[in-house]
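Student: Prediction below, plus the sequence it came from.
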Amino acid sequence: MAKAKGGSKKDRKGKKPHKNKKTSKKYSHYENGKTNKKHCPRCGPGTFLADNKNRIYCGKCHYTEFTEKKE
Ligand SMILES: [Zn+2]
């Protein structure tokens, strides 16, 4: 067994140091409890679809809907 690099012997294997993650921006889609954003028909309300150039995409279930804009 190789010598442990730094830390005390109490450090358990597999325990990773806690890192702060980015908070969900879901709340920012809401305004006064309402939202104009489209939500996923599969995942239901609360799961918003990502806007792309010509399609909307659900990152959760990979649902994709094409939105062709005809002007
Ligand atoms: Zn979905």
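Tutor: Yep, it's here. Residues are numbered from 1 along each chain as shown.
Student: Who does residue 57 form a beta bridge with?
Tutor: Assessed by DSSP bridges, residue 57 has beta-bridge partners residue 50, residue 64.
Student: Strand partners (parallel or antiparallel) of the longest strand belonging to the chain?
Tutor: Longest strand in the chain by number of residues (criterion: DSSP state E): strand 44-48. Within its sheet, strand 44-48 is paired with strand 39-40 (antiparallel), according to DSSP bridges.
Student: So what touches the strand it pairs with?
Tutor: 45, 46, 47, 48, 49, 58, 60, 61, 63 (C-beta atoms under 8 Å, 6 or more residues apart in numbering). C-beta: built from backbone N, CA, C; applies to glycine.
Student: Adding neighbour count and distance to residue 18, write the residues you listed out as JSON lines.
Tutor: Converted to JSON lines, the contacts of strand 39-40 look like this (neighbours: other C-beta atoms under 10 Å; distance: C-beta to C-beta, whole Å):
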{"residue": "45", "neighbour count": "10", "distance to residue 18": "31"}
{"residue": "46", "neighbour count": "10", "distance to residue 18": "26"}
{"residue": "47", "neighbour count": "16", "distance to residue 18": "27"}
{"residue": "48", "neighbour count": "19", "distance to residue 18": "27"}
{"residue": "49", "neighbour count": "21", "distance to residue 18": "31"}
{"residue": "58", "neighbour count": "19", "distance to residue 18": "29"}
{"residue": "60", "neighbour count": "13", "distance to residue 18": "25"}
{"residue": "61", "neighbour count": "12", "distance to residue 18": "29"}
{"residue": "63", "neighbour count": "15", "distance to residue 18": "33"}
